[in-house]
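>>> sharing a model that was predicted from the sequence below.
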Amino acid sequence: MEIQGLTAEKIGGISLYISQNHRFGTDAFLLADFAAPRHIDSVCDLCSGCGIVAAVMWERFKPKKIETVEIDEEAAALQRLTVQKSGLKAFSVVRMDLKEYKPERELDVITCNPPYKLDGTGLKNKSEAAVNARHEVLCRFEDVCEAAAGALKYGGRLCVCNRPQRLCDMMCQMRACGIEPKRMRLVSKNSDSEPWLVLLEGRKGGSPFLKVERTLFTCNEDGSRSDELKSVYIGDY
């Protein structure tokens, strides 16, 4: 397969391969930090793209096992290259529609940085890969919740990020699938800016009670990165 714009980015000790179609942003680091799996956890990252969320969790938290699920062949190829070149053990790549995903054993943690935009809304990129990554064309948020409900153990966690405008949909769809929203955090540039991201954790079989954490600000007053944002990055990021 010919991959346009193939390069490798250093994520600690991992060489993460990206392409013109499959890159990553700050939200991936924030989600990995929010999920913070334990070293005894078995983890899966759905809609994994180039594999950035899984790579950051692997580098920072060293979970027992990580699996990624990605439908796009180029993205899955990038992940396989990352695994091969970085010598990652207990890190597996599954090319599959998440609606068909069934792990061998129930999982402790599932993460997902899903398409943010409803299909039919907003301008669409000319790239098919970009459209699929940003719009709910191949995957709706309810599909994520249904897949997580079938794969998580009782008490297991689903950690996701999305635009704040989608928060009501996220909570309703989690609860409809038996995953109770338990923890939420908003992300803003600074105290004068509206939130641009929401991080949400749900627990399978959890009882109703939502903890709202303080807002994470990504910038200082002078526009430089905040200390908290620096703490979630790895290396030069």
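The structure has been received and is ready for your questions.

>>> following element in sequence after the helix-or-strand element of the chain with minimal mean pLDDT, please.
Ranked by mean pLDDT, DSSP states H and E, the weakest helix or strand in the chain is helix 128-134, scoring a mean of 45. Counting by DSSP states H and E, the next helix or strand C-terminal to helix 128-134 is helix 141-151.

>>> buried residues, that next one. List them.
For helix 141-151, the neighbour count (16 or more other Cβ atoms under 10 Å) marks 141-149, 151 as buried. In this view, the C-beta of every residue, glycine as well, is placed from N, C-alpha and C.

>>> what do you get for stretch 65-83?
65-72, 74-83.

>>> what mean pLDDT does it get?
Here stretch 65-83 scores 97 as its mean pLDDT.

>>> got the contact list for stretch 100-111?
For stretch 100-111, the surrounding residues in contact (Cβ atoms under 8 Å, 6 or more residues apart in numbering) are 31-32, 35, 37-38, 40-46, 53-54, 57, 63, 67, 69, 94, 147-148, 150-153, 156-160.

>>> my bad, stretch 25-39
Stretch 25-39 is touched from outside by 43, 52-53, 56-57, 60-64, 108-109, 111, 113, 157, 159-161, 185, 187, 197, 199, 201, 216, 218, 229, 231-234, 237, with contacts defined as Cβ under 8 Å, 6+ apart.

>>> one more time with 7 Å, if that's ok
Outside of stretch 25-39, the residues within contact range by Cβ atoms under 7 Å, 6 or more residues apart in numbering are 43, 52-53, 56-57, 60-64, 108-109, 111, 113, 159, 161, 185, 187, 197, 199, 218, 232-233, 237.

>>> swap in stretch 218-232?
With Cβ under 7 Å, 6+ apart, stretch 218-232 has contacts from 26, 29-30, 33, 187, 189-190, 216-217.

>>> just how off-centre is that stretch within its chain?
21 Å (Cα atoms, centre = their mean, to the nearest Å).

>>> residues in contact with Gly206?
180, 182.

>>> any stretches of the protein with poor pLDDT?
For the chain, residues meeting the criterion pLDDT under 70 lie at 117-137, 236.

>>> the top helix by length along it: what's the following helix or strand?
Ranked by residue count and defined by DSSP state H, the top helix of the chain is helix 73-86. Downstream of helix 73-86, the next assigned helix or strand under DSSP H and E is strand 91-95.

>>> measure the residue of the chain positioned farthest from its centre to Asn190 for me?
Most distant residue from the mean C-alpha position of the chain: Asp222, 29.1 Å away (Cα atoms, centre = their mean). Per Cβ to Cβ, to the nearest Å, Asp222 is found 10 Å from Asn190.

>>> for His39, same thing?
From His39 over to Asn190 the distance is 34 Å, taken as Cβ to Cβ.

>>> so for the two, which residue has more residues nearby?
Asn190 (13 against 8; other Cβ atoms under 10 Å).

>>> can you pull the contacts of that one?
217, 219, 221.

>>> ditto for Cys44
With Cβ under 7 Å, 6+ apart, Cys44 has these contacts: 67, 69, 103, 107, 110, 151.
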